[in-house]
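[1] Please find the sequence and the predicted model below.
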Amino acid sequence: MTALPAPVIHFAETVSTNKDAMRLALAGETLPFWVTANRQTGGRGRAGRSWTSFDGNLQASVAMHSAAPLAQAGELALIAGISLIDAVRATSPLADRLTMRLKWPNDLLIDGAKAGGILVETTTAQRQSGFVAVIGFGLNVRVHPSELAGCLAIGLGRPATSLASHGLDVSATTILEALSSAFETWIQAWDCGRSFRAHIAPAWQSRAGCVGEAISVSTETGKLHGRYRGIDDHGHLLIELASGVIRVVTHGDVALTDAIEERKKE
């Protein structure tokens with residue numbers, strides 16, 4: 001393996017690379033570092049959903065310290081998404097032929113099906129200022145749920161896919177090398193949150209869907225239907241409702257197919 005910007009701790013099998021990374025970080029492991037595994041038996045996605053993956057796929061977490069305000073930790077999910085899609089593009093000349101995009105806040109889609117996801121967890125349980133973050137990456141490199149009889153649960157009945165299903169013959173190791181490099185580049189560009197508006201927000205939006213596309217968002221207070229209007233200066237989703245009002249969504253699940261069905265009913 002090519003030397004990565006940060007050291008890698010590898011397990012043949014683990015419950016969760018995020019759990020391992022957080023445990024090691026709190027135990028005093030020098031930051032930053034990566035944790036990877038061939039198999040993950042109890043991984044988690046957003047909202048406690050299951051993410052279990054097997055040999056050939058990427059399951060990796062990076063632990064880091066940031067001096068940014070904790071309120072800006074959510075921006076790391078968007079940085080991670082940019083890094084993940086850039087890593088895929090960097091490892092295969094076929095990637096540019098794919099309809100590959102990011103979906104707020106943490107999904108990588110290919111032809112509308114989920115190929116990857118991201119989970120950010122943070123803690124301030126250290127004596128230094130700022131916070132420790134663990135960013136978990138799951139990417140279906142070789143296989144996806146339909147091939148594993150549902151072993152990889154991504155929640156909400158979303159279709160899933162893998163890089164191999166679209167003709168990309170790459171390895172998780174190669175993806176990790178590109179991902180580690182891309183993540184370091186974008187973290188530096190973020191500049192502890194000072195450059196989110198100038199560099200991260202436009203980079204994320206250029207890799208996401210078209211402004212104006214129909215979406216629906218499931219929030220804690222109900223479902224919203226409208227049109228995607230980008231993200232704000234903190235990485236929150238902007239949705240324009242039928243009334244013309246722009247709503248800011250800080251937490252929620254975005255669906256594209258639901259929105260299309262809603263339009264058919266109009």
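    Nice, I can see it.
[2] make it CA atoms for all contacts and neighbour counts henceforth
    Noted.
[3] in which helix or strand would I find the residue nearest the centre of the chain?
    Nearest residue to the geometric centre of the chain (C-alpha atoms, centre = their mean): Ile118, 3.0 Å. Assigned by DSSP states H and E, Ile118 belongs to strand 113-123.
[4] Next, the buried residues of that strand.
    Buried residues in strand 113-123, defined by neighbour count with 16 or more other C-alpha atoms under 10 Å: Lys114, Ala115, Gly116, Gly117, Ile118, Leu119, Val120, Glu121, Thr122.
[5] CA-only coordinates of the helix of greatest length in the chain in PDB, if you can.
    In the chain, assigned by DSSP state H, the helix with the most residues is helix 172-190. This file holds the C-alpha atoms of helix 172-190, laid out as PDB (Å, rounded to 0.1, in the frame of the first residue of the first chain):
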ATOM      1  CA  ALA A 172     -11.100  -1.000  -1.300                       C
ATOM      2  CA  THR A 173      -7.400  -0.500  -0.700                       C
ATOM      3  CA  THR A 174      -7.000   1.700  -3.800                       C
ATOM      4  CA  ILE A 175     -10.100   3.700  -2.800                       C
ATOM      5  CA  LEU A 176      -8.700   4.200   0.700                       C
ATOM      6  CA  GLU A 177      -5.500   5.600  -0.600                       C
ATOM      7  CA  ALA A 178      -7.300   8.200  -2.800                       C
ATOM      8  CA  LEU A 179      -9.800   8.900   0.000                       C
ATOM      9  CA  SER A 180      -7.200   9.600   2.600                       C
ATOM     10  CA  SER A 181      -5.400  12.000   0.300                       C
ATOM     11  CA  ALA A 182      -8.600  13.800  -0.800                       C
ATOM     12  CA  PHE A 183      -9.900  14.100   2.800                       C
ATOM     13  CA  GLU A 184      -6.600  15.700   3.900                       C
ATOM     14  CA  THR A 185      -6.800  18.200   1.000                       C
ATOM     15  CA  TRP A 186     -10.400  19.200   1.800                       C
ATOM     16  CA  ILE A 187      -9.900  19.400   5.500                       C
ATOM     17  CA  GLN A 188      -7.100  21.800   4.900                       C
ATOM     18  CA  ALA A 189      -9.300  23.800   2.500                       C
ATOM     19  CA  TRP A 190     -12.000  23.900   5.200                       C
END
